[in-house]
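Novice: coords please:
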Amino acid sequence: MHNSGNNDIRIPVGPQHPALKEPEFFSFKVEGEKVLEADVRLGYSHRGIEKGCEDRNYIQALYLVERICGICSHSHATVFAQGVEELLGAEIPKRAAYIRVIVGELERLHSHMLWLGVAAHEVGYDTMFMYAWRDREIAMDLLEIVTGNRVNYSINTIGGVRRDIPRDIAGKIKDGIKSIEERLNYYVKSALGEKTFIMRVEGVGVLPYTTARKLGAAGPTARGSGVPDDVRKDDPYAAYAEIPFNVVTSDKCDVLGRTLVRVGEMLESCKIIKYALDNMPDTPLSVKTSRRVPEGEVFSRYETPRGELIHYIKSNGTDKPERVKVRAPSLGNVAPVKYMLENYFIADIPIILAAIDPCFSCADRMVKVTEPDHEHVMTWEALSKYGIDWYKKKCQ
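Specialist: Down below sits the predicted model:
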(Lines give C-alpha, C1' and ligand atoms only; values in the text may rest on other atoms or scores of the structure.)
Protein backbone atom coordinates (compact mmCIF):
# COMPACT_ATOMS: atom_id res chain seq x y z
CA MET A 1 0.00 0.00 0.00
CA HIS A 2 1.34 3.43 -0.94
CA ASN A 3 0.34 6.91 0.23
CA SER A 4 1.15 9.49 -2.47
CA GLY A 5 1.10 12.37 0.04
CA ASN A 6 -2.21 13.95 -0.96
CA ASN A 7 -4.39 11.51 1.00
CA ASP A 8 -4.60 9.18 -2.01
CA ILE A 9 -4.06 5.57 -1.00
CA ARG A 10 -2.81 3.34 -3.82
CA ILE A 11 -2.65 -0.45 -3.67
CA PRO A 12 -0.24 -2.10 -6.13
CA VAL A 13 -1.05 -5.57 -7.42
CA GLY A 14 1.63 -7.30 -9.52
CA PRO A 15 3.56 -7.84 -11.64
CA GLN A 16 4.41 -10.70 -9.25
CA HIS A 17 1.45 -11.39 -7.00
CA PRO A 18 -0.30 -14.49 -5.56
CA ALA A 19 -3.61 -13.44 -7.17
CA LEU A 20 -2.10 -13.18 -10.66
CA LYS A 21 -0.92 -16.15 -12.70
CA GLU A 22 0.79 -13.86 -15.23
CA PRO A 23 2.99 -10.78 -14.84
CA GLU A 24 0.85 -7.65 -15.12
CA PHE A 25 0.67 -4.58 -12.91
CA PHE A 26 -2.46 -2.96 -11.51
CA SER A 27 -2.58 0.15 -9.36
CA PHE A 28 -5.76 0.90 -7.41
CA LYS A 29 -6.57 4.28 -5.93
CA VAL A 30 -8.82 3.55 -2.96
CA GLU A 31 -10.82 5.34 -0.31
CA GLY A 32 -11.46 2.97 2.55
CA GLU A 33 -12.66 -0.26 0.89
CA LYS A 34 -13.83 1.45 -2.31
CA VAL A 35 -11.82 1.51 -5.56
CA LEU A 36 -11.88 5.04 -6.99
CA GLU A 37 -9.53 4.51 -9.90
CA ALA A 38 -7.75 1.60 -11.58
CA ASP A 39 -4.64 1.74 -13.76
CA VAL A 40 -3.29 -1.15 -15.83
CA ARG A 41 0.34 -1.48 -16.92
CA LEU A 42 0.91 -4.05 -19.67
CA GLY A 43 4.16 -5.17 -21.24
CA TYR A 44 5.89 -7.62 -18.88
CA SER A 45 5.80 -10.71 -21.09
CA HIS A 46 8.11 -10.67 -24.13
CA ARG A 47 8.58 -14.04 -25.81
CA GLY A 48 9.40 -12.87 -29.32
CA ILE A 49 6.96 -15.24 -31.07
CA GLU A 50 5.92 -12.74 -33.73
CA LYS A 51 9.58 -12.03 -34.50
CA GLY A 52 10.39 -15.74 -34.40
CA CYS A 53 7.92 -16.40 -37.23
CA GLU A 54 10.06 -14.32 -39.60
CA ASP A 55 12.93 -16.84 -39.36
CA ARG A 56 10.72 -19.90 -39.85
CA ASN A 57 8.83 -21.31 -42.80
CA TYR A 58 5.04 -21.32 -42.67
CA ILE A 59 4.72 -24.86 -41.30
CA GLN A 60 7.27 -24.14 -38.55
CA ALA A 61 5.53 -20.83 -37.79
CA LEU A 62 2.19 -22.64 -37.53
CA TYR A 63 3.46 -24.73 -34.61
CA LEU A 64 5.20 -21.73 -33.07
CA VAL A 65 2.07 -19.52 -32.95
CA GLU A 66 0.23 -22.47 -31.41
CA ARG A 67 2.41 -21.90 -28.34
CA ILE A 68 1.23 -18.33 -27.82
CA CYS A 69 -1.37 -19.75 -25.43
CA GLY A 70 -1.68 -23.22 -23.93
CA ILE A 71 -5.41 -22.89 -23.29
CA CYS A 72 -6.41 -21.68 -26.78
CA SER A 73 -3.53 -23.11 -28.81
CA HIS A 74 -5.90 -24.55 -31.45
CA SER A 75 -7.37 -21.07 -31.90
CA HIS A 76 -4.01 -19.54 -32.79
CA ALA A 77 -3.06 -22.44 -35.06
CA THR A 78 -6.39 -22.34 -36.91
CA VAL A 79 -6.53 -18.59 -37.43
CA PHE A 80 -2.93 -18.64 -38.73
CA ALA A 81 -3.54 -21.64 -41.00
CA GLN A 82 -6.70 -20.19 -42.53
CA GLY A 83 -4.89 -16.90 -43.19
CA VAL A 84 -2.05 -18.66 -45.02
CA GLU A 85 -4.58 -20.79 -46.92
CA GLU A 86 -6.33 -17.62 -48.08
CA LEU A 87 -3.02 -16.24 -49.38
CA LEU A 88 -2.43 -19.54 -51.19
CA GLY A 89 -5.95 -19.59 -52.61
CA ALA A 90 -6.39 -23.07 -51.09
CA GLU A 91 -9.75 -24.43 -49.96
CA ILE A 92 -9.50 -27.11 -47.30
CA PRO A 93 -11.63 -30.29 -47.59
CA LYS A 94 -15.01 -30.29 -45.81
CA ARG A 95 -14.02 -33.05 -43.40
CA ALA A 96 -10.98 -31.04 -42.31
CA ALA A 97 -13.22 -28.01 -41.69
CA TYR A 98 -15.54 -30.10 -39.49
CA ILE A 99 -12.62 -31.57 -37.54
CA ARG A 100 -11.28 -28.05 -36.89
CA VAL A 101 -14.70 -27.13 -35.49
CA ILE A 102 -14.86 -30.22 -33.25
CA VAL A 103 -11.40 -29.60 -31.77
CA GLY A 104 -12.18 -25.88 -31.42
CA GLU A 105 -15.37 -26.55 -29.46
CA LEU A 106 -13.67 -29.14 -27.24
CA GLU A 107 -11.08 -26.46 -26.53
CA ARG A 108 -13.89 -24.01 -25.70
CA LEU A 109 -15.34 -26.52 -23.21
CA HIS A 110 -11.95 -27.07 -21.59
CA SER A 111 -11.28 -23.30 -21.40
CA HIS A 112 -14.70 -22.32 -20.03
CA MET A 113 -14.67 -25.06 -17.39
CA LEU A 114 -11.21 -23.94 -16.33
CA TRP A 115 -12.59 -20.40 -16.04
CA LEU A 116 -15.66 -21.53 -14.11
CA GLY A 117 -13.45 -23.25 -11.55
CA VAL A 118 -11.17 -20.23 -11.17
CA ALA A 119 -14.12 -17.82 -10.87
CA ALA A 120 -15.78 -20.01 -8.23
CA HIS A 121 -12.49 -20.16 -6.29
CA GLU A 122 -12.17 -16.35 -6.36
CA VAL A 123 -15.48 -15.98 -4.51
CA GLY A 124 -14.84 -18.85 -2.08
CA TYR A 125 -17.07 -21.41 -3.82
CA ASP A 126 -14.42 -24.13 -3.80
CA THR A 127 -16.91 -26.99 -4.19
CA MET A 128 -17.77 -25.68 -7.66
CA PHE A 129 -14.06 -25.19 -8.35
CA MET A 130 -13.37 -28.87 -7.68
CA TYR A 131 -16.43 -30.03 -9.64
CA ALA A 132 -15.58 -27.92 -12.70
CA TRP A 133 -11.92 -28.95 -12.81
CA ARG A 134 -12.80 -32.59 -12.29
CA ASP A 135 -15.28 -32.53 -15.20
CA ARG A 136 -12.88 -30.49 -17.34
CA GLU A 137 -10.73 -33.62 -17.46
CA ILE A 138 -13.38 -35.22 -19.70
CA ALA A 139 -12.77 -32.55 -22.35
CA MET A 140 -9.01 -32.81 -21.88
CA ASP A 141 -9.10 -36.60 -22.30
CA LEU A 142 -11.19 -36.24 -25.48
CA LEU A 143 -8.70 -33.75 -26.90
CA GLU A 144 -5.90 -36.21 -26.17
CA ILE A 145 -7.81 -39.05 -27.85
CA VAL A 146 -8.43 -36.96 -30.99
CA THR A 147 -5.08 -35.17 -31.32
CA GLY A 148 -2.61 -37.11 -29.16
CA ASN A 149 -2.00 -34.10 -26.89
CA ARG A 150 -3.70 -32.41 -23.95
CA VAL A 151 -2.03 -29.07 -24.74
CA ASN A 152 -0.79 -27.71 -28.09
CA TYR A 153 -2.78 -30.22 -30.12
CA SER A 154 -0.99 -29.77 -33.48
CA ILE A 155 -4.04 -31.06 -35.35
CA ASN A 156 -3.72 -28.41 -38.08
CA THR A 157 -1.52 -28.24 -41.12
CA ILE A 158 -1.51 -25.77 -43.99
CA GLY A 159 -4.27 -27.13 -46.21
CA GLY A 160 -6.28 -29.11 -43.66
CA VAL A 161 -5.73 -31.35 -40.64
CA ARG A 162 -3.23 -34.07 -39.77
CA ARG A 163 -5.49 -36.62 -38.08
CA ASP A 164 -8.93 -38.09 -38.72
CA ILE A 165 -11.79 -38.82 -36.31
CA PRO A 166 -12.82 -42.41 -37.08
CA ARG A 167 -16.16 -43.87 -35.99
CA ASP A 168 -14.93 -45.45 -32.75
CA ILE A 169 -13.38 -42.18 -31.56
CA ALA A 170 -16.53 -40.28 -32.58
CA GLY A 171 -18.48 -42.60 -30.28
CA LYS A 172 -16.14 -41.84 -27.37
CA ILE A 173 -16.56 -38.10 -27.99
CA LYS A 174 -20.35 -38.44 -27.92
CA ASP A 175 -20.21 -40.35 -24.63
CA GLY A 176 -17.95 -37.70 -23.11
CA ILE A 177 -20.16 -34.86 -24.36
CA LYS A 178 -23.22 -36.53 -22.83
CA SER A 179 -21.47 -36.59 -19.44
CA ILE A 180 -20.40 -32.95 -19.79
CA GLU A 181 -23.96 -31.85 -20.66
CA GLU A 182 -25.32 -33.57 -17.55
CA ARG A 183 -22.73 -31.83 -15.39
CA LEU A 184 -23.38 -28.44 -17.00
CA ASN A 185 -27.09 -28.66 -16.24
CA TYR A 186 -26.14 -29.44 -12.65
CA TYR A 187 -23.85 -26.38 -12.57
CA VAL A 188 -26.70 -24.13 -13.70
CA LYS A 189 -29.04 -25.40 -10.98
CA SER A 190 -26.31 -25.36 -8.34
CA ALA A 191 -24.95 -21.89 -9.11
CA LEU A 192 -28.34 -20.22 -9.55
CA GLY A 193 -29.60 -21.87 -6.37
CA GLU A 194 -26.59 -20.88 -4.28
CA LYS A 195 -27.47 -17.52 -2.70
CA THR A 196 -23.95 -16.76 -1.49
CA PHE A 197 -22.58 -17.19 -5.03
CA ILE A 198 -25.31 -14.98 -6.55
CA MET A 199 -24.69 -12.26 -3.95
CA ARG A 200 -20.96 -12.20 -4.81
CA VAL A 201 -21.40 -11.81 -8.58
CA GLU A 202 -24.76 -10.10 -9.21
CA GLY A 203 -24.41 -6.36 -9.72
CA VAL A 204 -20.60 -6.61 -9.54
CA GLY A 205 -18.35 -5.32 -12.34
CA VAL A 206 -21.18 -3.75 -14.31
CA LEU A 207 -20.38 -2.97 -17.96
CA PRO A 208 -23.37 -1.39 -19.75
CA TYR A 209 -24.12 -2.32 -23.36
CA THR A 210 -23.12 1.08 -24.77
CA THR A 211 -19.86 1.10 -22.80
CA ALA A 212 -19.00 -2.44 -23.93
CA ARG A 213 -19.49 -1.29 -27.52
CA LYS A 214 -17.51 1.92 -27.02
CA LEU A 215 -14.53 0.23 -25.32
CA GLY A 216 -14.35 -2.70 -27.76
CA ALA A 217 -15.13 -5.53 -25.35
CA ALA A 218 -14.74 -9.00 -26.85
CA GLY A 219 -16.15 -12.49 -26.37
CA PRO A 220 -18.20 -13.42 -23.27
CA THR A 221 -17.26 -10.06 -21.71
CA ALA A 222 -19.18 -8.31 -24.51
CA ARG A 223 -21.94 -10.90 -24.81
CA GLY A 224 -22.49 -10.70 -21.04
CA SER A 225 -23.45 -7.07 -21.70
CA GLY A 226 -25.92 -7.96 -24.45
CA VAL A 227 -23.54 -7.43 -27.39
CA PRO A 228 -24.30 -10.29 -29.84
CA ASP A 229 -20.88 -10.31 -31.55
CA ASP A 230 -19.44 -13.72 -32.44
CA VAL A 231 -17.05 -14.30 -35.35
CA ARG A 232 -18.49 -17.79 -35.84
CA LYS A 233 -21.78 -16.14 -36.88
CA ASP A 234 -20.61 -12.75 -38.15
CA ASP A 235 -17.79 -14.02 -40.38
CA PRO A 236 -18.09 -17.84 -40.46
CA TYR A 237 -14.92 -19.89 -40.95
CA ALA A 238 -14.23 -23.66 -41.06
CA ALA A 239 -17.71 -25.32 -41.10
CA TYR A 240 -19.63 -22.87 -38.89
CA ALA A 241 -21.77 -21.60 -41.77
CA GLU A 242 -23.25 -25.11 -42.06
CA ILE A 243 -23.77 -25.80 -38.35
CA PRO A 244 -26.83 -24.46 -36.47
CA PHE A 245 -26.08 -22.83 -33.10
CA ASN A 246 -27.15 -19.84 -31.04
CA VAL A 247 -25.06 -16.86 -29.93
CA VAL A 248 -25.55 -16.74 -26.14
CA THR A 249 -25.98 -13.27 -24.62
CA SER A 250 -27.15 -11.80 -21.31
CA ASP A 251 -28.57 -8.38 -20.49
CA LYS A 252 -27.37 -8.52 -16.86
CA CYS A 253 -24.12 -6.71 -17.78
CA ASP A 254 -22.30 -7.99 -14.66
CA VAL A 255 -20.15 -10.93 -13.55
CA LEU A 256 -23.28 -13.08 -13.23
CA GLY A 257 -24.14 -12.31 -16.85
CA ARG A 258 -20.66 -13.35 -17.99
CA THR A 259 -21.02 -16.58 -16.00
CA LEU A 260 -24.38 -17.39 -17.59
CA VAL A 261 -22.97 -16.67 -21.05
CA ARG A 262 -20.05 -19.06 -20.60
CA VAL A 263 -22.22 -21.87 -19.22
CA GLY A 264 -24.70 -21.31 -22.06
CA GLU A 265 -21.86 -21.38 -24.58
CA MET A 266 -20.67 -24.71 -23.22
CA LEU A 267 -24.12 -26.20 -23.79
CA GLU A 268 -24.05 -24.81 -27.35
CA SER A 269 -20.57 -26.28 -27.85
CA CYS A 270 -21.94 -29.71 -26.95
CA LYS A 271 -24.66 -29.32 -29.60
CA ILE A 272 -22.14 -28.13 -32.21
CA ILE A 273 -19.83 -31.09 -31.58
CA LYS A 274 -22.65 -33.63 -31.84
CA TYR A 275 -23.96 -32.05 -35.05
CA ALA A 276 -20.46 -31.96 -36.56
CA LEU A 277 -19.84 -35.62 -35.74
CA ASP A 278 -23.18 -36.67 -37.29
CA ASN A 279 -22.80 -34.58 -40.44
CA MET A 280 -19.07 -34.77 -41.14
CA PRO A 281 -18.62 -35.51 -44.88
CA ASP A 282 -16.30 -38.26 -46.10
CA THR A 283 -13.54 -36.30 -47.86
CA PRO A 284 -9.73 -36.20 -47.72
CA LEU A 285 -8.15 -34.52 -44.68
CA SER A 286 -5.96 -32.04 -46.54
CA VAL A 287 -4.93 -30.63 -49.89
CA LYS A 288 -1.38 -30.13 -51.14
CA THR A 289 -0.12 -26.57 -51.02
CA SER A 290 2.98 -24.74 -52.17
CA ARG A 291 5.76 -24.09 -49.68
CA ARG A 292 6.14 -20.62 -51.17
CA VAL A 293 3.24 -18.29 -50.46
CA PRO A 294 2.35 -15.64 -53.07
CA GLU A 295 3.09 -12.05 -52.13
CA GLY A 296 0.22 -10.40 -50.27
CA GLU A 297 -1.32 -9.75 -46.89
CA VAL A 298 -4.31 -11.16 -45.05
CA PHE A 299 -6.45 -10.37 -42.01
CA SER A 300 -7.67 -13.61 -40.39
CA ARG A 301 -10.33 -13.80 -37.63
CA TYR A 302 -11.37 -16.49 -35.15
CA GLU A 303 -13.70 -16.68 -32.12
CA THR A 304 -11.58 -18.00 -29.25
CA PRO A 305 -13.10 -18.84 -25.83
CA ARG A 306 -12.16 -15.27 -24.81
CA GLY A 307 -13.39 -13.51 -27.96
CA GLU A 308 -12.22 -12.29 -31.35
CA LEU A 309 -8.64 -13.27 -32.22
CA ILE A 310 -6.93 -11.59 -35.18
CA HIS A 311 -3.79 -12.64 -37.06
CA TYR A 312 -2.32 -10.29 -39.67
CA ILE A 313 0.06 -12.12 -42.02
CA LYS A 314 2.19 -10.49 -44.70
CA SER A 315 3.92 -12.60 -47.36
CA ASN A 316 6.81 -11.54 -49.60
CA GLY A 317 6.61 -14.51 -51.97
CA THR A 318 9.07 -16.73 -50.09
CA ASP A 319 8.50 -19.73 -47.81
CA LYS A 320 8.72 -17.49 -44.71
CA PRO A 321 6.30 -14.78 -43.55
CA GLU A 322 7.58 -11.22 -43.70
CA ARG A 323 5.35 -10.14 -40.81
CA VAL A 324 2.97 -11.79 -38.36
CA LYS A 325 0.94 -9.61 -36.01
CA VAL A 326 -1.38 -11.03 -33.34
CA ARG A 327 -4.21 -9.17 -31.64
CA ALA A 328 -5.59 -11.27 -28.80
CA PRO A 329 -9.06 -10.75 -27.26
CA SER A 330 -7.59 -10.05 -23.81
CA LEU A 331 -6.08 -6.84 -25.20
CA GLY A 332 -9.56 -5.74 -26.25
CA ASN A 333 -10.85 -6.41 -22.73
CA VAL A 334 -8.21 -4.36 -20.87
CA ALA A 335 -10.08 -1.05 -21.23
CA PRO A 336 -13.43 -2.62 -20.23
CA VAL A 337 -11.95 -4.28 -17.12
CA LYS A 338 -10.40 -0.96 -16.07
CA TYR A 339 -13.88 0.57 -16.28
CA MET A 340 -15.48 -2.36 -14.42
CA LEU A 341 -13.05 -2.17 -11.49
CA GLU A 342 -13.86 1.42 -10.56
CA ASN A 343 -16.44 2.20 -7.86
CA TYR A 344 -16.47 -1.34 -6.48
CA PHE A 345 -14.85 -2.80 -3.37
CA ILE A 346 -11.32 -4.10 -2.96
CA ALA A 347 -12.80 -7.53 -2.25
CA ASP A 348 -14.43 -7.46 -5.72
CA ILE A 349 -11.12 -6.98 -7.58
CA PRO A 350 -10.25 -10.70 -7.99
CA ILE A 351 -13.60 -11.77 -9.44
CA ILE A 352 -13.91 -8.71 -11.71
CA LEU A 353 -10.45 -9.41 -13.13
CA ALA A 354 -11.21 -13.12 -13.46
CA ALA A 355 -14.52 -12.38 -15.20
CA ILE A 356 -12.76 -11.34 -18.44
CA ASP A 357 -10.77 -14.61 -18.32
CA PRO A 358 -7.53 -12.72 -18.99
CA CYS A 359 -4.58 -14.19 -20.87
CA PHE A 360 -1.89 -11.54 -20.73
CA SER A 361 0.77 -13.71 -22.36
CA CYS A 362 -1.51 -13.65 -25.43
CA ALA A 363 -1.92 -9.89 -25.24
CA ASP A 364 1.59 -8.64 -24.38
CA ARG A 365 3.91 -7.67 -27.23
CA MET A 366 7.27 -5.98 -27.63
CA VAL A 367 7.07 -2.80 -29.70
CA LYS A 368 9.69 -1.04 -31.81
CA VAL A 369 10.26 2.58 -30.80
CA THR A 370 11.43 4.81 -33.65
CA GLU A 371 13.30 7.94 -32.56
CA PRO A 372 13.31 11.03 -34.81
CA ASP A 373 16.89 10.54 -36.01
CA HIS A 374 17.32 6.79 -35.54
CA GLU A 375 15.53 3.57 -36.42
CA HIS A 376 16.79 0.11 -35.51
CA VAL A 377 15.03 -3.18 -36.22
CA MET A 378 16.29 -6.14 -34.19
CA THR A 379 17.07 -9.47 -35.79
CA TRP A 380 15.97 -12.67 -34.04
CA GLU A 381 19.58 -13.32 -32.92
CA ALA A 382 19.95 -9.76 -31.60
CA LEU A 383 16.68 -9.99 -29.70
CA SER A 384 17.76 -13.27 -28.10
CA LYS A 385 21.17 -11.84 -27.12
CA TYR A 386 19.54 -8.69 -25.72
CA GLY A 387 17.28 -10.79 -23.47
CA ILE A 388 20.18 -12.91 -22.20
CA ASP A 389 22.36 -9.87 -21.49
CA TRP A 390 19.52 -8.02 -19.77
CA TYR A 391 18.86 -10.88 -17.36
CA LYS A 392 22.58 -11.30 -16.65
CA LYS A 393 22.77 -7.66 -15.54
CA LYS A 394 19.54 -8.04 -13.55
CA CYS A 395 20.94 -11.03 -11.63
CA GLN A 396 24.31 -9.46 -10.79
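
Novice: now do the strands in this structure.
Specialist: Here the chain has its strands, by DSSP state E, at 2-3, 9-13, 25-31, 34-41, 156-157, 160-161, 296-304, 307-315, 321-327.

Novice: how about the last one: buried residues?
Specialist: So the one you mean is strand 321-327. 321, 324, 326-327 (16 or more other CB atoms under 10 Å). From N, CA and C alone the C-beta is placed, and that goes for glycine too.

Novice: now distance to Arg232 and pLDDT too, for these, in JSON lines please.
Specialist: As requested, those are exported to JSON lines (distance: CB to CB, whole Å; pLDDT from 0 to 100):
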{"residue": "Pro321", "distance to Arg232": "25", "pLDDT": "96"}
{"residue": "Val324", "distance to Arg232": "23", "pLDDT": "93"}
{"residue": "Val326", "distance to Arg232": "19", "pLDDT": "92"}
{"residue": "Arg327", "distance to Arg232": "18", "pLDDT": "91"}
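
Novice: just those residues now: which is nearest Leu260?
Specialist: Set against Leu260, the nearest of the buried residues of strand 321-327 by CB to CB is Arg327 (26.9 Å).

Novice: for that closest one, which residues make a bridge with it?
Specialist: According to DSSP bridges, the partner residues bridging Arg327 are Ile310.

Novice: just say which of the strands of the chain is most tucked in.
Specialist: Greatest average neighbour count among those goes to strand 160-161 (a mean of 26), per mean count of other CB atoms under 10 Å.

Novice: confidence-wise, which of the strands of the chain is weakest overall?
Specialist: Mean pLDDT is lowest for strand 2-3 out of the strands of the chain, coming in at a mean of 57.

Novice: tell me the mean pLDDT over the longest helix along the chain?
Specialist: In the chain, with assignment by DSSP state H, the single longest helix is helix 94-122. What helix 94-122 shows for mean pLDDT is 95.

Novice: next one: stretch 270-287
Specialist: Mean predicted confidence for stretch 270-287 is 96.

Novice: just the angle between the longest helix of the chain and strand 296-304, please?
Specialist: 50 degrees (axes from the mean of the first three to the mean of the last three CA atoms, to 10 degrees).

Novice: helices or strands up against helix 94-122?
Specialist: Packed against helix 94-122, as judged by 3 or more CB pairs under 8 Å, 6 or more residues apart in numbering; DSSP states H and E, are the following elements: helix 73-88, helix 126-147, strand 160-161, helix 167-193, helix 255-279, helix 349-354.

Novice: looking at these, which is closest to Pro236?
Specialist: Comparing the helices and strands packed on helix 94-122 by CB to CB, helix 73-88 comes nearest, at 11.4 Å.

Novice: helices or strands up against that closest one?
Specialist: Contacts defined by 3+ CB pairs under 8 Å, 6+ apart place helix 73-88 against helix 58-65, helix 94-122, strand 156-157, strand 296-304, strand 307-315.

Novice: could these go into TSV alongside distance to Phe25?
Specialist: Below are these laid out as TSV (distance: least, CB to CB, whole Å):
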stretch	distance to Phe25
helix 58-65	26
helix 94-122	19
strand 156-157	35
strand 296-304	24
strand 307-315	23
